[in-house]
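Asker: Could you look at this predicted model? Sequence included:
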Amino acid sequence: MDRFLVKGALGGLLGKREPEERREGPAGLRGDKESSRKRSRTETPTNAGHSAGPSWRHIRAEGLSCDYTVLFGKTEADKIFQELEQEVEYFTGVLARVQVFGKWHSVPRKQATYGNAGLTYTFSGLTLSPKPWIPVLEHVRDRVSVVTGETFNFVLVNRYKDGRDHIGEHRDDERELAPGSPIASVSFGACRDFFFRHKDSRGKKPTRKVEVVRLQLAHGSLLMMNHPTNTHWYHSLPIRKKILVPRVNLTFRKILPAKK
Ligand SMILES: O=C(O)CCC(=O)C(=O)O
């Protein structure tokens, strides 16, 4: 999980066109019963009129499968954001620093982890236990579970004080994630750009040109990053100097119990 820490600069972005997107009903977060018919981005979601679940935007590209929805209305999202601001305890000291090419830097955001008792994970080369769940995180986790049918035992909290805070391109460490499990990313506060870049399209000499997938993650939104997205694509939250307000992001994960 040390890959959460910034390890490299963002390269130039390749291309501007967005990948194929579909708007369909909430079914398909597991097993994805996708229609083979392509829909235009402006088409009404198929579950419009049903009050039972949110309306999903399905984002697809080669090896990428994500589903996006606004899960919390403004009033509830504001309340959750305030509670997160009051209750979350972020790392300090060595855990808030990162070594890049032998030099120590402050991590350009604040981070915290919460999760089930008995779990351990590796962070910045250290084996750590997450803090026990707090009610606001349980509330968000349980809402995500209700709409997705997925369960999670761990959450990484990232707080970006303004648009200068960011996270560099990385993939989430699959060694500690349950194989094939999705990551649920819930955002509160400032709406920020979020990019996916294909692993073959990185660096100064990419082996292929694959379009960058560009999203905006709104206040109260949920982005499901389904398998195998994390195998083929790196993601990042770039610097946006004009953004002056904070954002808190929660990535709920299913991590494997520590080997005895
Ligand atoms: O803040 C975000 O939206 C991204 C967080 C992230 O990349 C991560 O937790 O791995």
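Answerer: Nice, I can see it.

Asker: Quick check, residue 64 in contact with residue 230.
Answerer: No - look at residue 64 against residue 230 with CB atoms under 8 Å: they stay out of range, at 9.5 Å. From N, CA and C alone the C-beta is placed, and that goes for glycine too.

Asker: Show me where this protein has its helices.
Answerer: Secondary structure of the chain by DSSP state H: the helices cover 74-87, 135-148, 229-232.

Asker: Let me have these in JSON lines, extended by mean neighbour count, distance to the ligand and mean pLDDT.
Answerer: Putting the helices of the chain into JSON lines (neighbours: other CB atoms under 10 Å; distance: least, CB to the nearest ligand atom, whole Å; pLDDT from 0 to 100) gives the following:
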{"stretch": "helix 74-87", "mean neighbour count": "15", "distance to the ligand": "13", "mean pLDDT": "98"}
{"stretch": "helix 135-148", "mean neighbour count": "18", "distance to the ligand": "14", "mean pLDDT": "98"}
{"stretch": "helix 229-232", "mean neighbour count": "18", "distance to the ligand": "9", "mean pLDDT": "96"}
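
Asker: so which of these gets nearest residue 239?
Answerer: helix 74-87 (21.4 Å; CB to CB).

Asker: Restricting to C-alpha, output the closest one in CSV.
Answerer: Taking Å, rounded to 0.1, in the frame of the first residue of the first chain, the C-alpha atoms of helix 74-87 are listed here in CSV:
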residue,chain,number,x,y,z
LYS,A,74,-26.0,17.7,-0.9
THR,A,75,-27.5,18.0,2.6
GLU,A,76,-26.4,14.6,3.6
ALA,A,77,-23.0,15.0,1.9
ASP,A,78,-22.4,18.3,3.7
LYS,A,79,-23.2,16.6,7.0
ILE,A,80,-20.9,13.7,6.3
PHE,A,81,-18.1,16.0,5.2
GLN,A,82,-18.4,18.1,8.5
GLU,A,83,-18.3,14.9,10.5
LEU,A,84,-15.3,13.6,8.7
GLU,A,85,-13.6,16.9,9.3
GLN,A,86,-14.3,16.6,13.0
GLU,A,87,-13.7,12.9,13.6
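
Asker: pLDDT below threshold where in this structure?
Answerer: Scanning the chain for pLDDT under 70 picks out the ranges 1-52, 260.

Asker: Spell out which parts of it neighbour the ligand.
Answerer: 4, 156, 158, 167, 172, 185, 187, 194, 217, 235, 237, 249, 251 (CB under 6 Å from any ligand atom).

Asker: mind listing the strands for the stretch 1-150 of the chain?
Answerer: 21-24, 56-61, 64-70, 97-100, 103-106, 110-115, 121-123, 126-128, 131-132 (DSSP state E, counting those that start in this stretch).
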